[in-house]
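J.: Based on what follows, work out the 3D shape:
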Amino acid sequence: EGFLAERFHLFLDCRDPNGKRVIAFERQAEGEGPNPLVLEVDGQLVPVAPAEGVSPATTKRTIMPEMRAYYPLTTAGFWSCRMAKPFVRYTALLRTVGGIPFVGLTNDVVAFGGQLESRPPLQFALVADGDGDGFCFPVADARLCADPRPDCDDGNGAVHPGAVEVPNNGVDDDCDATTGDVPAGPPPGTLQVEALAHVMQGGGNKPAVTREPIPLLPVRVFATGPGSCVDQTVTGKSWRQFPTIWRECATLPQLVGLTSDPAGTASFTVPSGTEYLAIGEYPPGAAVPKVYVGSNVGGIDPGQTKQTTLRVIVDSNGDVRAGKYKKQTGSLLYIVEPEYIEWDSTQELYPFVLESEGDWTVTTSVTPPEGFVADQPSLTEEVTTEVKAVQFTLTDVGSLWTPTGVCELITHNGQTEGSWSTVEVKLAPSLAAERDVSVYGEIKPEKLLEMATKEAAKLAEIQAKEAQKQLEAQEKCEAAIQKEEEEGGKGGKGGGKP
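T.: Predicted coordinates for the structure are as follows:
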């Protein structure tokens, strides 16, 4: 349903109850009559017959049989599956196995046009009573087991709800943790997540800004330690990976589907001794496109309550930016800046939010990459127990798509500190196609292969100059901080340690 009549390559991606990734493909060749389905499962080609009622004249559309017809689900537990339709063309070969013709595929990919369509993950439980004790696992199901209580070990018939708890045997015989005989593990920790939106009101370099809680924000918490889904699925835990982590990795079972309350907060009880990543999907509800904002929480000790904040910035054009923030103490100052800016035209806003308790003065300077021009080199704002914003306009006049350097000088109670950071870049798919780069502004590998030696050398020279420019800007920022510190030591206006 929904794939119409074009040639396609259907991709099915499941995670079994043990976290193992199972990938299956439905492959079609072009113009071979009623195309037989050949599925790759664990490296083997498995034939699948088309569904009944498909006309032999159908050459470009096949009604898929149900999932079990081409990947048997044999492990009871919680599953998560999704399907997508990438546009892939292969070189097809007709082969015969046991006298039956099948379409096989070589490893030569003729063309890959990216993912055309992806369905949301389907999460479901495969229920069984493998040990025959009359209790279903992992959830109860009256169609299979009369008892409404789920089993906790489907491989041991002596373990089930209502069984006699045997002291000190290291087994939860009755599937009731409150009667467990195993010495209690470390107490869990608590993660409290606050979701905030900073919304610009009006335009200019210093627009008014509001600070608003985000109610009903879907929030998920992911373990990130060795062996976790995050560890096995992605490289890194930055904003680039947040959408993939959200789709691919199941959250802790007790956290699935949690949303922030009317005050924009959500509280999670999590096993201690593990590092975590919190991700929110903004905006709440069905509105698209989605922006994924995250916070690497780190480890949580037994009994510890840890707090983190997910922040988004809505600029004067109404564009939503995933936020990151720095915290300064000595009263309190939060500096909220974009993780990245997604470009879809030749001009974009770069907003920064200042939220304080006490009196602070902040000077923000930006160093855009080669081919970009900022309307102001720096902006200074004073905040006194309030929320204010500064906003730069960057214009693309040449386009080397690399991060923008940000230097902040922060003065409070006669002391000056500072920091250096970067705002990364992303391109809307339409702009990336127009500029013939990836959505992260990178030269495509196939284009690099096509470039002549002189062109490649010139590009490398431009990139090296840009890296040197950003390094010099960072050194200049650090020198300015050092100068303020030295002047403060002589009784001047500065002071403090960066």
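
J.: Name the SS class of E472, please.
T.: Per DSSP: H, G, I helix; E, B strand; the rest coil, the secondary structure class of E472 is helix.

J.: Please name the residues that touch V362.
T.: Applying CB atoms under 8 Å, 6 or more residues apart in numbering, we find V362 in contact with L333, I335, L354, T380, E381, E382, V383, E408, L409, I410, T411. In short, each C-beta sits where N, CA and C put it, glycine included.

J.: That one and V199: what is the separation?
T.: Distance of V362 to V199, given as CB to CB, to the nearest Å: 20 Å.

J.: one step back: filter the contacts of V362 down to the buried ones.
T.: L333, I335, L354, E381, V383, E408, L409, I410, T411 (16 or more other CB atoms under 10 Å).

J.: what are the phi and psi angles of D176?
T.: Dihedral angles of D176 (phi, psi; degrees, to the nearest 10) stand at phi -130, psi 110.

J.: secondary structure element for the nearest residue to it once chain neighbours are set aside?
T.: Residue nearest to D176 in three dimensions, not counting chain neighbours: P161, with 7.1 Å by CB to CB, 6 or more residues apart in numbering. With secondary structure defined by DSSP states H and E, P161 is part of neither a helix nor a strand.

J.: can you tell me which residues contact A460?
T.: With contacts defined as CB under 8 Å, 6+ apart, A460 is in contact with no residue.

J.: Show the backbone phi and psi for it.
T.: Per degrees, to the nearest 10, the backbone of A460 is at phi -60, psi -40.

J.: and it, what pLDDT?
T.: At A460, the pLDDT value in this model is 77.

J.: Same question for P17, what's its three-state structure.
T.: Assignment for P17 (three-state DSSP): coil.

J.: what's the spacing between it and Q123?
T.: Counting by CB to CB, the gap from P17 to Q123 is 11 Å.

J.: Can you pick out the residue with more neighbours from those two?
T.: Ranked by neighbour count (other CB atoms under 10 Å), P17 and Q123 place P17 first, with 17 against 14.

J.: got the contact list for the more buried one?
T.: Taking CB under 8 Å, 6+ apart, one finds T75, A76, G77, F78, W79, L126, P138 in contact with P17.

J.: Sheet-wise, list the partners of the host helix or strand of S419 with their directions.
T.: S419 belongs to strand 415-427 when assigned by DSSP H and E. According to DSSP bridges, strand 415-427 forms sheet pairs with strand 340-343 (parallel), strand 404-412 (antiparallel).

J.: Quick one: mean pLDDT for that strand?
T.: The model assigns strand 415-427 a mean pLDDT of 93.

J.: re the thing from before, out of the buried ones among the contacts of V362, the closest to L471 would be?
T.: E408 (17.6 Å; CB to CB).

J.: Am I right that that closest one is in contact with Q328?
T.: No. At 9.5 Å, E408 does not count as touching Q328 under the criterion of CB atoms under 8 Å.

J.: Now for these two: what residues contact both?
T.: By CB under 8 Å, 6+ apart, the residues touching both E408 and Q328 are I335.

J.: before we move on, the earlier item: now the contacts of V362 in a markdown table, please, with extra columns for distance to D151 and pLDDT.
T.: Below are the contacts of V362 laid out as a markdown table (distance: CB to CB, whole Å; pLDDT from 0 to 100):
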| residue | distance to D151 | pLDDT |
| --- | --- | --- |
| L333 | 54 | 95 |
| I335 | 52 | 97 |
| L354 | 55 | 97 |
| T380 | 65 | 97 |
| E381 | 61 | 97 |
| E382 | 64 | 96 |
| V383 | 58 | 96 |
| E408 | 57 | 94 |
| L409 | 62 | 94 |
| I410 | 58 | 94 |
| T411 | 63 | 93 |
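
J.: Just list whatever residues bridge to G189.
T.: Going by DSSP bridges, G189 forms beta bridges with V270.

J.: now the one 5 residues further on
T.: Assessed by DSSP bridges, E194 has beta-bridge partners T265, T309.

J.: Looking at per-residue confidence, what score does it get?
T.: At E194, pLDDT is 97.

J.: Please apply the same query to the one 4 residues further on.
T.: At H198, the pLDDT value in this model is 97.

J.: Centre-most residue in the protein?
T.: F242 (1.2 Å; CA atoms, centre = their mean).

J.: Tell me who's in contact with it.
T.: The contact partners of F242, taken as CB under 8 Å, 6+ apart, are I279, Y292, V293, G294, A322.

J.: could you redo the last one with a cut-off of 6 Å?
T.: Taking CB atoms under 6 Å, 6 or more residues apart in numbering, we find F242 in contact with I279, Y292, G294.

J.: Tell me the spacing between L354 and Y340.
T.: According to CB to CB, L354 and Y340 sit 20 Å apart.

J.: do C407 as well
T.: To Y340, C407 is 18 Å away according to CB to CB.

J.: give the contact list for the nearest residue to E342 once chain neighbours are set aside.
T.: Nearest non-adjacent residue to E342, counting by CB to CB, 6+ apart: K426, 4.5 Å away. Contacts for K426 (CB under 6 Å, 6+ apart) come out as Y340, E342, V439.
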